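>>> need coordinates for the below:
(one chain, ligands or ions: 1)
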Amino acid sequence: MPTTKPILSVKRLSKRFPIYSDGVVRRVVDNFTAVNDVNFDLMPGETLGIVGESGSGKTTCARCVLRALEPSEGEVIFQSRNGPLDLAQLSEKQLKPLRQEMQMIFQDPFSSLNPRMTVGETVAEPMLIHKLSKGAALKEQVVSILEKVGLAAEHLNRYPHAFSGGQRQRIGIARALIMKPSLIVADESVSALDVSVQAQVINLLQDLQEEFQLTYIFVAHDLSVVKHICDRVLVMRKGEVVESKTTSELFSNPEHGYTRSLLSAIPSPDPDIPLQPIAYKE
Ligand SMILES: Nc1ncnc2c1ncn2[C@@H]1O[C@H](COP(=O)(O)OP(=O)(O)OP(=O)(O)O)[C@@H](O)[C@H]1O
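Predicted structure coming up:
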């Protein structure tokens, strides 16, 4: 029987940022460890949540995985179309063709789109940069992907300001999807949206996952979002993973006090039950 290999295998991943002196000539005086010894495997088609309060290292970890940042230590073994590669060891030139296979959807649908580019130009741009298509064929691909995300050909020549937050998020998803990635990192991509719009975008991401066999990493503050979309969750605190479990285990049996405090901060559907603040102390 064929065994499925992880699409991503992250081992001992760490990221340190330099701390500089204040003087005119800046010197590195120390390092700040934003991510420390993170390990996980991600299977094709799975969705992994990375949660934790602000500053816990979620985004830095995700950016190191995509090599938007260079890890200080560790391995990031990615099953590319041409076999497994350690992204942590590759040069920018070697990474360029792999960038198509790994895409990011950004947090804020209001600032992540260029206001001077039409929807058509925005979605087509990565294909042009990677010289994957052009002309009438590209226009056809753009229209087809817009339709997949619930937009239409009539939106091609409009600018982002003409769209709602949820529609802008769909434009961002189309821009990522047109590259035919296998791995998508969504960094707080729905947190800026109203709850009902969030639900629509999450449903769309789930439908696209099934249709295109996508693997997701979902970076989020909001555990209620994670609960609906993720198979497994890493809970990060101060750069370290404090708990790593399937979503149902995490919600039914949170072991770490920090995880419990995050869970208790999920807004209750009952408005008479007040919100509990995060109050985890060591
Ligand atoms: N380029 C950088 N230089 C120095 N420190 C950085 C840099 N990027 C992030 N940090 C620090 O690393 C820590 C982790 O930041 P990160 O953005 O990964 O956290 P996060 O959990 O994603 O937070 P948020 O939910 O607010 O986005 C923070 O203390 C942050 O200030």
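>>> which neighbouring elements make contact with the worst-scoring helix or strand of the chain on mean pLDDT?
Lowest on mean pLDDT, DSSP states H and E among the helices and strands of the chain sits helix 223-229, with a mean of 86. Here helix 223-229 touches strand 47-51, helix 195-212, strand 215-220, helix 247-252, going by 3 or more Cβ pairs under 8 Å, 6 or more residues apart in numbering; DSSP states H and E. From N, CA and C alone the C-beta is placed, and that goes for glycine too.
>>> direction included, what does the longest strand along the chain pair against?
What stands out as the longest strand in the chain, according to DSSP state E, is strand 28-42. With DSSP bridges as the test, strand 28-42 is paired with strand 8-20 (antiparallel).
>>> what residues of the strand it pairs with count as buried?
Buried positions in strand 8-20, judged by neighbour count with 16 or more other Cβ atoms under 10 Å: Leu8, Ser9, Val10, Lys11, Leu13, Ser14, Lys15, Arg16.
>>> and stretch 151-160, by the same measure?
Buried residues in stretch 151-160, counting neighbours by 16+ other Cβ under 10 Å, are found at Leu151, His155, Leu156, Pro160.
>>> contacts for it?
Stretch 151-160 has contacts (Cβ atoms under 8 Å, 6 or more residues apart in numbering) with 113-120, 122, 139, 142-143, 146-147, 163, 167-168, 170-171, 174.
>>> selection in PyMOL covering whichever of the residues you listed are buried, please.
Buried members of the contacts of stretch 151-160, defined by 16+ other Cβ under 10 Å, are picked up in PyMOL with:
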select buried, resi 113+118+119+120+122+142+143+146+163+167+168+170+171+174
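>>> now, which of the contacts of stretch 151-160 lie within strands?
Using DSSP E, no member of these falls in strands.
>>> thinking again about what came up before, tabulate the helices and strands packed on helix 223-229 (CSV), appending distance to Val38, mean neighbour count and mean pLDDT.
Output for these, formatted as CSV (distance: least, Cβ to Cβ, whole Å; neighbours: other Cβ atoms under 10 Å; pLDDT from 0 to 100):
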stretch, distance to Val38, mean neighbour count, mean pLDDT
strand 47-51, 9, 25, 96
helix 195-212, 23, 15, 90
strand 215-220, 12, 24, 94
helix 247-252, 17, 16, 95
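>>> contacting residues for the closest residue to Leu177 other than its chain neighbours?
Closest residue in space to Leu177, ignoring its immediate chain neighbours: Ile145 at 5.6 Å, by Cβ to Cβ, 6 or more residues apart in numbering. Counting by Cβ under 8 Å, 6+ apart, Ile145 makes contact with Val123, Ala174, Leu177, Ile178.
>>> what's the closest of the residues you listed to Leu42?
Comparing these against Leu42 with Cβ to Cβ picks out Leu177 as the nearest, at 18.8 Å.
>>> neighbour-wise, which one of the contacts of Ile145 leads?
Ranked by the number of neighbours (other Cβ atoms under 10 Å), these place Val123 first, at 28 neighbours.
>>> measure that residue to the ligand for me?
Distance from Val123 to the ligand, counting by Cβ to the nearest ligand atom, to the nearest Å: 26 Å.
>>> begin at 855, not 1, for the rest of this chat.
Got it, first residue is 855 now, which makes that one Val977.
>>> doesn't Gly1026 make contact with that residue?
No - the pair Val977 / Gly1026 is not scored as a contact, 9.3 Å apart, by Cβ atoms under 8 Å.
>>> buried ones in the longest strand of the chain?
The neighbour-count check on strand 882-896 (16+ other Cβ under 10 Å) flags Thr887, Ala888, Val889, Asn890, Val892, Phe894, Leu896 as buried.
>>> give me the residue ranges of the stretch 905-1054 of the chain where confidence is low.
961, 963, 1043 (pLDDT under 70).
>>> so which of the buried residues of strand 882-896 are also by the ligand?
Counting by Cβ under 6 Å from any ligand atom, Ala888 from those sit close to the ligand.
>>> identify, from the buried residues of strand 882-896, the entry nearest to the ligand.
Of all those, Ala888 has the smallest distance to the ligand: 3.3 Å, by Cβ to the nearest ligand atom.
>>> list the contacts of that closest one.
By Cβ under 8 Å, 6+ apart, the residues touching Ala888 are Lys869, Arg870, Phe871, Gly911, Thr914, Gly1093.
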